[in-house]
Every structure is written in structure tokens, then in C-alpha cells.
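1. Sequence first, predicted coordinates after that:
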Amino acid sequence: MVDGRAASGPDLSVTHFSGLKLPNPFVIGSGPPGTNYTVMKKAFDEGWGAVIAKTVSLDSSKVVNVTPRYARLKAADDREVIGWENIELISDRPLEVMLEDMARLKQEYPDRVLIASIMEEYERAAWEQLIERCEATGVDAFEINFSCPHGMPERRMGMAMGQDCELLAEVCGWIRAKATIPVWAKMTPNITDIAVPAATSLAAGCEGVSAINTITSVMGVNLDTLRPEPCVEGYSTPGGYSCKAVRPIALAKVMAIAQVIQRDYGGRRDLSGLGGVETGRDAAEFLLLGANSVQVCTGVMLHGYPLVKSLCGELQAFMEQHGFTSVEDFRGASLPYFTTHHELVRMQREAVAAKKRARTGLAGDADWSGDGFVREAESMVAN
Ligand SMILES: Cc1cc2nc3c(=O)[nH]c(=O)nc-3n(C[C@H](O)[C@H](O)[C@H](O)COP(=O)(O)O)c2cc1C
């Protein structure tokens with residue numbers, strides 16, 4: 001792989017409708033894998049298609065993390081990690097330092113895509129200042145964190161903003177009026193119908209949507225101490241769930257958003273899917289439902305940055321199996337095969353009736369034909 005481009009095999013490059021062009025569809029999702037210069041550089045060197053930095057806000061002194069802040073759910077073999085809870089907040093590094101890191105990366109990797117993830121309070125001037133300072137680093141796009149599930153709901157940040165469509169529409173409007181680069185709104189799955197805030201953000205002018213952020217969770221209760229996990233000074237707080245276990249939920253949410261993009265924009269908006277991706281075949285499922293790119297966060301924490309090589313190889317193997325030469329050849333191909341339950345019942349009833357008709361032969365003597373005469377007689381024989 002050279003600069004994220006596959007050296008041989010099917011073409012993995014993707015172009016979003018906003019114009020963001022990636023050498024492969026694999027993007028570092030906002031979180032620990034995008035916390036500083038060293039790790040983001042590692043991501044580019046290993047070949048990731050793009051990097052989304054850890055979420056920043058204007059005043060990092062308000063961000064105070066605790067430890068432990070992660071808890072795992074393991075499979076029956078007690079080895080494989082299938083679920084991951086975190087109570088981590090956004091970046092606790094000073095904004096100036098994160099901006100320096102982003103500027104340095106853009107200088108050293110001008111052709112690679114670096115996306116700033118931002119979050120602020122319900123205050124227009126704060127968003128405008130944050131956007132201006134991030135854009136000055138040369139980043140290629142914004143992902144707006146409307147979805148952090150823990151911390152600062154009292155300041156109406158993150159998920160609290162993403163769950164309130166009136167607030168969301170207004171803030172997306174401020175952001176879109178100020179930003180000169182593409183904007184993706186990152187959605188929370190902790191809402192009745194994710195299609196509603198997704199449609200709201202797009203209607204307010206955002207070029208795209210990312211989904212999903214983590215799912216509200218309580219990892220468990222320690223049956224010796226009777227205290228909830230992860231336990232900090234004897235207490236806990238609900239966190240965000242990620243990793244393999246969330247993938248089916250993420251796929252359903254991405255599918256719902258893809259339908260909105262198809263219905264309202266003829267498919268012409270960006271969709272970046274994530275949640276539990278660890279293999280190229282996992283990623284293929286998101287692409288088949290209409291995603292343009294696929295992000296990975298927890299998977300990188302479990303397997304490291306070289307994971308991108310197996311992701312690319314496995315996706316290419318899937319493409320070769322079907323004779324696809326580019327991602328556009330199959331992107332969204334499975335989306336038309338969703339319908340309502342009501343419709344499934346109708347189709348099944350019709351199929352059963354057709355089978356019965358074929359088995360029970362002719363409805364009346366007028367239906368006998370010359371060519372099918374023997375088969376028609378056979379169809380009405382009992383033994
Ligand atoms: C430890 C941890 C920290 C995260 N921090 C952020 C963050 O700062 N901003 C953000 O938008 N998402 C954050 N996320 C959410 C991920 O970007 C992603 O939406 C979610 O974990 C689902 O994808 P995954 O299963 O690939 O991790 C974080 C996730 C984890 C596990």
C-alpha cells in the first residue's frame with residue numbers, strides 16, 4: 001500500500017459527494033486513535049484513508065476524565081472482546097496543542113484527509129471561533145459531535161444537542177454559515193428514530209452524516225461488591241457502548257439514514273458508517289447499505305493501526321469474489337431489499353399461493369393445453 005492506495009487488486013478509492021476523496025474507504029473514527037500528532041501520523045503511515053481527530057472544544061479545562069473509564073464484555077471463551085463501554089469525555093488536551101498537531105499533520109501529509117471533530121455549547125460565537133481556528137490548520141472537513149453520550153448534558157452539548165431537533169437545526173445552520181469546508185453531523189443512536197435528526201442536519205445544509213456514536217450502556221454490576229462497572233470511587237455513570245456487539249444496531253441506523261439520503265437527495269449526500277467494524281467484510285456490509293466510507297474506533301484500540309491492511313485486503317477479496325472493480329460497483333446495492341413487515345407478509349402469501357396453484361394443477365377444463373398436457377395431467381394425480 002502506498003499512501004493508503006492499494007498497490008494491486010480492485011480499486012478501493014472513494015469519492016464522497018462533498019468532494020472528499022480517499023485512497024481507501026477506511027477512516028479512523030474520533031476517539032483515542034486520533035488523540036495526538038504521534039498516533040494520527042501512525043494512522044497515515046499505516047495507510048488509513050482518512051483520520052478524524054479526537055473531538056475538541058474551546059476550553060479543555062472543563063474536560064476532566066476519570067480512570068478506569070473503559071469496561072469490556074467478553075465472549076464465552078473469556079478472550080474475545082465483543083462489547084466495549086467507555087465513560088471517556090472529549091479531548092482533555094488544550095485546543096492550541098491539538099490545533100498545532102493538526103496543522104503539522106496537514107503540512108506533512110498535504111494530500112491525506114484530516115477531519116476535525118468539534119463540539120461546543122449552545123452559543124453561536126463559540127462555534128464560529130472554534131470553526132475558524134480549526135480551519136486555519138488546513139483540515140479538510142468537520143465532523144460535528146452531536147452524539148457524545150456522557151458528560152456535559154447540563155451544558156446541552158453532544159448527545160443532548162443531537163437529540164433536540166430544534167436546537168440541532170439552529171446549530172447546524174450556524175456551522176454551515178461559517179464553515180468553508182464540508183460538514184458531517186455525527187448522530188447518536190440513543191433516539192427513537194435516527195432518520196429525523198439526520199434529515200434535520202441535511203436540511204440545515206450539512207454535506208453529510210456519520211453514524212453511529214456509542215449506545216448508552218451499563219456494562220454490568222459486580223456481584224462481589226454489588227457496585228456497577230466501570231467503578232470509580234464506588235460509583236459509576238452510564239457510558240457509551242461500542243465494538244462488535246453494536247454492529248447490527250449500527251447497520252440498521254445507517255440503513256435508515258441511507259434511505260433518507262436516497263429519498264430526499266437522490267443519494268447525493270455523504271454517509272460515513274461506523275460501529276463494530278473489525279474486518280473488511282464488516283465494512284462491505286456498511287458500503288452495501290449505502291455508506292461512502294467506514295470508520296473504525298474500538299477496532300483500532302483492540303488490533304492496532306496495521307488493521308487497515310487486513311481491512312483493505314478483505315474488502316478486495318470480497319470485491320474479487322463478485323467481480324466488482326470499484327466500491328461504486330456495489331455501494332448501496334443491498335438497500336433496495338428493505339421493505340415493511342406488512343409487505344413481507346404480502347409477498348410470502350403470494351409466493352405460497354403461486355406454489356399451491358402450480359401443485360394443484362388446472363382451475364378448469366378450459367386451461368388444458370396441448371404442449372403441457374402430460375405435465376398438467378400429472379399435476380392432478382394423487383399418488
Ligand atoms: C474510548 C472511546 C472514546 C470515544 N471518543 C469519541 C470522541 O471524542 N468523539 C466522537 O465523536 N466519538 C467518540 N467515540 C465514539 C466512536 O468514534 C464511535 O462512534 C463508536 O465507538 C462506534 O464505533 P466503533 O465500534 O468502531 O468504536 C469514542 C469511542 C470510544 C470507544
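-> Good, I have the coordinates. Numbering: from 1, shown residues only.

2. What parts of this protein come near the ligand?
-> For the chain, the residues in contact with the ligand (C-beta under 6 Å from any ligand atom) are 29-32, 54-55, 84, 86, 88, 90, 117, 145, 148, 186, 213-214, 242-243, 246, 274-277, 296-299. For glycine as for every other residue, the C-beta is placed from the backbone atoms N, C-alpha and C.

3. Filter those down to the ones in strands?
-> Among the residues of the chain next to the ligand, the members found in strands (DSSP state E) are 84, 86, 117, 145, 186, 242, 274, 296.

4. give me the low-pLDDT residue ranges for the chain?
-> Confidence mapping of the chain against pLDDT under 70 gives the ranges 151-154, 360.

5. Quickly list the domain ranges of it.
-> Domain ranges of the chain: 14-337, 341-378, per automatic domain parsing.

6. Of those domains, give the one that comes closest to residue 1.
-> Counting by C-beta to C-beta, residue 1 lies closest to domain 14-337 out of these; the figure is 4.3 Å.

7. gap between the two ends of the closest one?
-> Chord length of domain 14-337, first to last residue, is 23 Å (C-alpha to C-alpha, to the nearest Å).

8. What is the helix or strand containing residue 198 packed up against?
-> Using DSSP states H and E, residue 198 sits within helix 195-203. Under the contact definition 3 or more C-beta pairs under 8 Å, 6 or more residues apart in numbering; DSSP states H and E, helix 195-203 sits against helix 165-178, strand 183-186, strand 208-211, helix 247-265.

9. and these as TSV, adding mean neighbour count?
-> Listed next are the helices and strands packed on helix 195-203 as TSV, based on neighbours: other C-beta atoms under 10 Å:
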stretch	mean neighbour count
helix 165-178	18
strand 183-186	27
strand 208-211	29
helix 247-265	20
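
10. Quick one: the ones you listed as JSON lines, columns for distance to residue 292 too.
-> Below are the helices and strands packed on helix 195-203 laid out as JSON lines (distance: least, C-beta to C-beta, whole Å):
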{"stretch": "helix 165-178", "distance to residue 292": "19"}
{"stretch": "strand 183-186", "distance to residue 292": "10"}
{"stretch": "strand 208-211", "distance to residue 292": "8"}
{"stretch": "helix 247-265", "distance to residue 292": "10"}
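
11. Residue 230 is nearest to which of these?
-> For those, distance to residue 230 was read as C-beta to C-beta. The smallest value, 21.2 Å, belongs to helix 247-265.

12. picking that back up, only the buried residues of the helix holding residue 198, if you could.
-> Using 16 or more other C-beta atoms under 10 Å as the test for burial, helix 195-203 gives 195, 196, 197, 198, 199, 200, 201, 202.

13. Identify the residues contacting the first one.
-> If a contact means C-beta atoms under 8 Å, 6 or more residues apart in numbering, then residue 195 has 256, 257, 259, 260 as its contacts.

14. Just the closest of these to the ligand, please.
-> residue 257 (13.9 Å; C-beta to the nearest ligand atom).

15. I'd say the closest one and residue 185 touch.
-> No - Residue 257 is beyond contact range of residue 185, at 10.3 Å (criterion: C-beta atoms under 8 Å).

16. Please enumerate the shared neighbours of the two.
-> 198, 209.

17. pretty sure residue 183 is touching residue 206, no?
-> Yes - taking contacts as C-beta under 8 Å, residue 183 lies within contact range of residue 206: 4.8 Å.

18. okay, and the common contacts of those two?
-> Common contacts of residue 183 and residue 206 (C-beta under 8 Å, 6+ apart): 144, 172, 175, 176.

19. before we move on, the earlier item: distance to residue 65 added to the buried residues of helix 195-203, as CSV?
-> Below are the buried residues of helix 195-203 laid out as CSV (distance: C-beta to C-beta, whole Å):
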residue, distance to residue 65
195, 33
196, 31
197, 27
198, 29
199, 34
200, 31
201, 28
202, 33
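
20. Relative to residue 232, which of those residues is nearest.
-> Looking across those and measuring by C-beta to C-beta, the closest to residue 232 is residue 197, at 30.6 Å.

21. Now do that closest one against the ligand, distance only.
-> Per C-beta to the nearest ligand atom, to the nearest Å, residue 197 is found 15 Å from the ligand.

22. OK, contacts around that residue?
-> Listed by C-beta under 8 Å, 6+ apart, the contact set of residue 197 reads 146, 162, 163, 165, 168, 185, 187, 188, 191.

23. Among the residues you listed, which one sits closest to residue 140?
-> Nearest to residue 140 among those: residue 185, at 16.3 Å, using C-beta to C-beta.
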